[in-house]
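Novice: Can you look at this prediction? I've put the sequence above it.
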Amino acid sequence: MAEDRSGQYLKVYKKDGTFVNVGAKGSKTVEIAGLTGGKAVAAGEYQVSFSLDNANKPSDGDGEKVDVPAFTPANVPSAPTIALTAGDAKINFKIAKPAEHGSVVTGYTITYKTAGGTAKTQETTTLTGSIASLTNDTEYTVKVIAHSEIGDSSSSTAIKATPVAAG
C-alpha cells in the first residue's frame, strides 16, 4: 500500500541540489517555473522529495531525493492554417488543426476585415463554418489563431476572399 502523503509537501531541486520550489500540502505536485515550452528536459536534471515542512529550502524533514524522468514541457500550438471559399454574403472557412505541442486547442479566433476597414472577430470551437452577413463584391482579409490552456498560437498567414451574389 502506498504511503499516505496527504500531510506532506513535494519539493523540487536542480540536480546540483539548488532548491527550486515546494508544492501545496498534500497536492503531490509542484511547479517548475522558467522552463521553455517544447524544449526537452533530461532525466535527472531535477529531483523531488517529500517533506514534512514547506520551507523554501532544504530541511531536515526532507525525504530521499528521486530523479525526475525526462519530460518536455507543453508549448502553445503552432499557427493554424485556414482555407476560404466565397459564398453569397459569406465566406466559408476550413481550419487545419495545428500541432498542439502538449497543449490542447480549446478554440479559435478568426479575424476578418476589408481594406481600410475595422477588424472584426468570430470565435469558434469547430474547424469549419462561415463568416456571415458580409458585403458581396468586397474583398476580405482573413486570419486565425488557436487558443490553448498554455496560451495562444501565432497568427496564420492572412488570406483573401470576396463574397459574390448567387446566380
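Specialist: Ah, there it is. Computed from a predicted structure; not experimentally measured. Residues are numbered from 1 along each chain as shown.
Novice: Please write out the alpha-carbon positions of the helix or strand where residue 147 lies in PDB.
Specialist: Assigned by DSSP states H and E, residue 147 falls within strand 140-148. What follows is strand 140-148 as a C-alpha-only set of coordinates in PDB (Å, rounded to 0.1, in the frame of the first residue of the first chain):
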ATOM      1  CA  TYR A 140     -12.000  40.400 -47.000                       C
ATOM      2  CA  THR A 141      -8.600  39.500 -45.500                       C
ATOM      3  CA  VAL A 142      -8.900  36.600 -43.000                       C
ATOM      4  CA  LYS A 143      -6.600  35.000 -40.500                       C
ATOM      5  CA  VAL A 144      -6.900  32.700 -37.500                       C
ATOM      6  CA  ILE A 145      -5.200  32.000 -34.200                       C
ATOM      7  CA  ALA A 146      -5.600  28.900 -31.900                       C
ATOM      8  CA  HIS A 147      -6.200  29.100 -28.200                       C
ATOM      9  CA  SER A 148      -5.000  26.600 -25.600                       C
END
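Novice: what does that strand rub up against?
Specialist: 76-80, 82, 84, 91, 93, 95, 98, 100, 103-115, 131, 134, 152-163 (C-beta atoms under 8 Å, 6 or more residues apart in numbering). Placement of C-beta: from N, CA and C, glycine included.
Novice: could you measure the residue nearest the centre of the chain against residue 75, distance?
Specialist: The centre of the chain sits closest to residue 150, judged by C-alpha atoms, centre = their mean, with a distance of 3.0 Å. Taking C-beta to C-beta, to the nearest Å as the measure, residue 150 falls 7 Å from residue 75.
Novice: Residue 132 too?
Specialist: In terms of C-beta to C-beta, residue 132 sits 34 Å off from residue 75.
Novice: neighbour count winner among the two?
Specialist: residue 75 (20 against 12; other C-beta atoms under 10 Å).
Novice: out of everything not next to it in sequence, what's closest to that one?
Specialist: residue 37 (3.0 Å; C-beta to C-beta, 6 or more residues apart in numbering).
Novice: Make sure that neighbour is actually in contact with residue 74.
Specialist: Yes. Here residue 37 reaches residue 74: they are 5.9 Å apart, a contact under C-beta atoms under 8 Å.
Novice: Check the contact lists of these two and give me the overlap.
Specialist: With C-beta under 8 Å, 6+ apart as the test, residue 37 and residue 74 both reach 101-102, 150.
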